[in-house]
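J.: okay, here's the prediction I keep looking at, along with the sequence it came from:
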Amino acid sequence: MAGHFHAYLWTGIGEELRLEEERRTGTPEFPGSPLPPMRTADWLARPRRQVSATHDSVADALAWLDREYTLVRRNLLLPADEERIGRPVRLANATESLGGAVDVQWGFWLTGGRFASLAVVCCPNRSAPHPCPLMIGAT
């Protein structure tokens, strides 16, 4: 499969992000954990079932980010201070990053101690030699 982008979404209890053994490659806990990896590119080392979407173009990956950000904002109660960064700035930065083959990671605290993580990872990836999760089986 030619260059493409894998999208990942996690929402959960923010306190769980302290479970670093589940977030670092090479640990027994890493492959089965739903928690976002410490390094964005390491999403590619997770099972393909954790891929939320795959896109062939930057435009499609950006549309996914925009749609998921809007859903999180509407349904999971982004705090008001998120507006200091905001959607337009996030999308402009993501456009530049993905266009240069750099992964995008958005993370933000939600109300009630929850956390949301949205990631788009370039595949193949120049910062991590993981195989494409779509090519390594359905686990």
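T.: Great, that's in hand. Numbers count the residues shown, from 1 in each chain.
J.: the most centrally placed residue in the chain in helix, strand or coil?
T.: Nearest to the mean C-alpha position of the chain, counting by CA atoms, centre = their mean, stands residue 119 at 1.8 Å. Following DSSP: H, G, I helix; E, B strand; the rest coil, residue 119 is assigned to strand.
J.: the nearest residue to it once chain neighbours are set aside and residue 27, how far apart?
T.: With CB to CB, 6 or more residues apart in numbering as the criterion, residue 119 has its nearest non-adjacent residue at 4.4 Å, and that residue is residue 8. Yep, even glycine has a C-beta here, placed from its N, CA and C like the rest. Remark: distance between residue 8 and residue 27 (CB to CB, to the nearest Å) = 19 Å.
J.: neighbour count: these two, which is higher?
T.: With neighbours defined as other CB atoms under 10 Å, residue 8 and residue 27 compare such that residue 8 has more, 23 against 12.
J.: how far does the top helix by length along the chain sit from its chain's centre?
T.: The helix spanning the most residues in the chain, taking DSSP state H as the definition, is helix 58-75. The chain centroid and the centroid of helix 58-75 are separated by 11 Å, computed with CA atoms, centre = their mean, to the nearest Å.
J.: list the buried ones in it?
T.: 58, 60-62, 64-65, 68-69, 72-73 (16 or more other CB atoms under 10 Å).
J.: quick one: buried residues of the next helix-or-strand element following that helix?
T.: Following helix 58-75 in sequence order, the next helix or strand is helix 86-99 (DSSP states H and E). Residues 90-91, 94-95, 97-98 are the ones in helix 86-99 that count as buried (16+ other CB under 10 Å).
J.: let's have those in CSV, adding distance to residue 16 and pLDDT.
T.: CSV is the format used below for those (distance: CB to CB, whole Å; pLDDT from 0 to 100):
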residue, distance to residue 16, pLDDT
90, 24, 91
91, 28, 95
94, 25, 97
95, 31, 97
97, 26, 97
98, 27, 97
